[in-house]
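Peer 1: A structural model of the following input is requested.
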Amino acid sequence: MRTVTSEASVGITETCTPGPGFRAATKQRYSDFIVNEVRLSGEPVHLASLPAAVAQKAAEEEELPPPAEAVEELAELLGEGPAAAVLRLDTHERDAARARVEARAWKRQKGGGRGGGSELLRDGVLLSRDDDKVHRKAVHEWIKRHLPRLTSTTEEDADGGKCVRAGSHRYLEFTLYKENRDTLHAILQLAQSLHVSQNLFTFAGTKDRRAVTAQRVSAFRLPASKIEQLMARKPFGDSLVASDCTNVQAALEGLRTHGFPNYFGLQRFGANVDAATHEVGAALLRADYPQALRQLDEGDAVAALRLLPRRPSVARQLLEGLRDSGSSNVLAALSRLPKNLRSMYLHALQSWVWNHAASERLRRYGCEAAPHVVTAEEAAARTYSIEDVVLPLPGTKVVMPQNELAEVYTELLARQRLEPASFHHKVKEMVMPGAYRRLVQRPRDLSWQYFRYTDPRVPLARTDLARLRGDPEPQGVADGPRLAVVLRFTLPPSTYATMLLRELTKQSTDLTHQLELNQPHVAPTSAEHAKEE
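Peer 2: Okay, the predicted model is just below:
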């Protein structure tokens, strides 16, 4: 068994900013590390209301079916039969189990009126042909106004005619707020509580475990009522802390000016597990499944299952797969895991290659755009900056470097007994297309505030949950012996805040070092030469 504890072992070795850095404890309390996902519009994701308030609102809305006059209006638009079919869809959303029983006898409904008829489909009702655009618009507007749980679209039938389809929303989108919990574990627990597959859920990326995070999650064909019922029972999540940082002004200014290497952080490589995820990924790409099993150290799956708690976990799912499929069938065992997790091992291998290649590029040319990559004139005019430089994650759909870095990539793959052709895997789910990643990132909207305090247990920032509960903003102590820096910044997707903190402090982010720093007797109590912004 191997545990990844060293940054150097996964290629994290270089920095961009000058200076020695400074001693600082990060993530001393999980509530100090607050991560809010950013929407495409640039707006951060926040928890908007407490579960009880959402459930109460949903219950109030549940008691307000369309009024009688609205039902009559729909019957005039569609006819009695089609109108009843659409209204049954709303019943399905509010009482899915009862609606499924009724649907068995509801194969096709026809009736009078302008709509003429309807066909019950697995995912909704397809109304009869309607080539009147004004009439179709009236139907859409009625559904939007009176049945907000449903959606409607205009489709073409086999003869090219127009039809209105009414049905449930294909995706339910909600904010997942978690504290001190891994994203995949939170999704797994959510799926098991709802009695659905975890593969229904998609999200932009896993967020740190030891943190307070808010991110958007979409669920395929999951009725909102199921989430509302769950929220009425109990909220999900523990809590995550951000660092108790002691900063130096020069380091902050240097970060703002130079940025930091866009490494994949140690979280990517399973710093807290017994097998290096990138080595498992390499074995899978080689189709060396026995070696993958040895890396996972499955041992006696049945005996191991007895030792695990009953609560949902990745380890339990994998061991159940090994027990049921046999220790030689790793593919069947992996199929028990969420799709996001199954691909984690392969992505970790790509990340390992990228980190090492990025470090070699930075060692050779520093945090500058290399002149031979562009024309001499462009280099002299600084037409391109280091932020324009990208390196590939190896895969089937990327162009690999044609310069001296090509040899670096070849050597890195060879160390894992791989070659570029390895990414054209015979198993479809293991075909990796690859991608391009910026070599250096600069944080947007970077700001900081110095905060003196006495009690290390006092929160340094207010979380969404604290705000909704009405808790006041944390207040510092003017002459407190401890000094923290509260950082606020925005990072692009798949960029690691831990790598930004590494650049600031020039300290390792590995678990052993962070545990040492977070001991009370070594926690920093001051920041020399710090000048408040």
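
Peer 1: list the contacts for residue 256?
Peer 2: 442-443, 446 (C-beta atoms under 8 Å, 6 or more residues apart in numbering). C-beta: built from backbone N, CA, C; applies to glycine.

Peer 1: distance to residue 24 and neighbour count added to those residues, as TSV?
Peer 2: Formatted as TSV, the contacts of residue 256 follow (distance: C-beta to C-beta, whole Å; neighbours: other C-beta atoms under 10 Å):
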residue	distance to residue 24	neighbour count
442	20	21
443	17	20
446	16	16
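
Peer 1: among the residues you listed, name the ones in strands.
Peer 2: Mapping the contacts of residue 256 onto strands (DSSP state E) picks out residue 446.

Peer 1: quick one, domains of the protein?
Peer 2: For the chain, the structural domains run 8-28+244-261+441-517, 35-58+170-233, 65-168, 274-285+343-435, going by automatic domain parsing.

Peer 1: let me see the mean pLDDT of the shortest one.
Peer 2: On average, the pLDDT along domain 35-58+170-233 is 73.

Peer 1: over to the longest one?
Peer 2: For domain 8-28+244-261+441-517, mean pLDDT is 82.

Peer 1: count of neighbours near residue 445?
Peer 2: Other residues within reach of residue 445, judged by other C-beta atoms under 10 Å, total 10.

Peer 1: ditto for residue 143
Peer 2: For residue 143, the count of nearby residues is 22 (other C-beta under 10 Å).

Peer 1: need the contact list for it.
Peer 2: Going by C-beta under 8 Å, 6+ apart, residue 143 touches 86, 150-152, 166.

Peer 1: ok, of those, which come out buried?
Peer 2: Among the contacts of residue 143, those buried by neighbour count (16 or more other C-beta atoms under 10 Å) are 86, 150-152, 166.

Peer 1: out of these, which comes closest to residue 137?
Peer 2: residue 152 (10.4 Å; C-beta to C-beta).

Peer 1: mind listing what that closest one touches?
Peer 2: Applying C-beta under 8 Å, 6+ apart to residue 152 gives the contacts 139-140, 143-144, 164-167.

Peer 1: at 10 Å instead, please
Peer 2: Taking C-beta atoms under 10 Å, 6 or more residues apart in numbering, we find residue 152 in contact with 86, 124-125, 127, 136, 139-144, 164-167.

Peer 1: out of the residues you listed, who's nearest residue 13?
Peer 2: Nearest to residue 13, judged by C-beta to C-beta, of the contacts of residue 152 is residue 167 at 53.4 Å.

Peer 1: settle this for me: that closest one is touching residue 89, isn't it.
Peer 2: Yes - with contact defined as C-beta atoms under 10 Å, residue 167 and residue 89 form a contacting pair (6.5 Å).

Peer 1: and for the two, which residues touch both?
Peer 2: Residues touching both residue 167 and residue 89 (C-beta under 10 Å, 6+ apart) are 123-125, 143, 150.

Peer 1: mark which of the residues you listed are part of helices, please.
Peer 2: Mapping the shared contacts of residue 167 and residue 89 onto helices (DSSP state H) picks out residue 143.

Peer 1: ok, the shared contacts of residue 167 and residue 89 vs residue 417, which is closest?
Peer 2: residue 123 (46.3 Å).

Peer 1: the stretch 401-533 of the chain: strands as residue ranges?
Peer 2: In the stretch 401-533 of the chain, the strands defined using DSSP state E, counting those that start in this stretch lie at 435-438, 440-441, 444-453, 482-490.

Peer 1: quick check: which of those strands is buried the most?
Peer 2: strand 440-441 (a mean of 22; mean count of other C-beta atoms under 10 Å).

Peer 1: what about the nearest residue to residue 18 once chain neighbours are set aside, is that helix, strand or coil?
Peer 2: Of all residues not flanking residue 18 in the chain, residue 254 sits nearest, at 6.4 Å (C-beta to C-beta, 6 or more residues apart in numbering). The three-state assignment at residue 254 reads helix, by DSSP: H, G, I helix; E, B strand; the rest coil.

Peer 1: residue 254: neighbour count?
Peer 2: Counted by other C-beta under 10 Å, the residues lying close to residue 254 total 20.

Peer 1: where's residue 410 relative to residue 464, distance?
Peer 2: Separation of residue 410 from residue 464 (C-beta to C-beta, to the nearest Å) stands at 47 Å.

Peer 1: between these two, which one's more packed in?
Peer 2: residue 464 (21 against 14).

Peer 1: returning to that earlier point: need the strands of the stretch 401-533 of the chain in a markdown table with distance to residue 362, can you?
Peer 2: Shown next, in a markdown table, are the strands of the stretch 401-533 of the chain (distance: least, C-beta to C-beta, whole Å):
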| stretch | distance to residue 362 |
| --- | --- |
| strand 435-438 | 13 |
| strand 440-441 | 8 |
| strand 444-453 | 21 |
| strand 482-490 | 21 |
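
Peer 1: those strands: which one's closest to residue 423?
Peer 2: Here strand 435-438 is closest among the strands of the stretch 401-533 of the chain (C-beta to C-beta), at 11.8 Å.

Peer 1: so in that sheet, which strands flank the closest one, and in what orientation?
Peer 2: strand 390-393 (antiparallel) (DSSP bridges).

Peer 1: which residues sit against the partner strand?
Peer 2: Residues from elsewhere that reach strand 390-393 (C-beta under 10 Å, 6+ apart): 262, 264, 347, 349-351, 353-355, 357-358, 360-361, 398-401, 405, 408-409, 423, 432-439.

Peer 1: what is the one helix or strand residue 166 maps to packed up against?
Peer 2: In this structure, residue 166 sits in strand 162-168 according to DSSP states H and E. With contacts defined as 3 or more C-beta pairs under 10 Å, 6 or more residues apart in numbering; DSSP states H and E, the packing partners of strand 162-168 are helix 68-78, helix 80-94, strand 117-121, strand 124-127, helix 133-146, strand 150-156.

Peer 1: what residues sit buried inside the helix or strand just after that strand?
Peer 2: Downstream of strand 162-168, the next assigned helix or strand under DSSP H and E is strand 171-179. Buried residues in strand 171-179, counting neighbours by 16+ other C-beta under 10 Å, are found at 172, 174-179.

Peer 1: pretty sure residue 495 contacts residue 439?
Peer 2: No - the criterion here is C-beta under 10 Å, and residue 495 misses it with residue 439 at 12.0 Å.

Peer 1: hey, what's in contact with both of these two?
Peer 2: Listed as contacting both residue 495 and residue 439 by C-beta under 10 Å, 6+ apart are 262-263.

Peer 1: between these two, point out the one with more neighbours.
Peer 2: residue 439 (23 against 19).

Peer 1: check contacts around the more buried one.
Peer 2: Going by C-beta under 10 Å, 6+ apart, residue 439 touches 16, 259, 261-263, 354, 357-358, 361-362, 365, 367, 369, 386-391.
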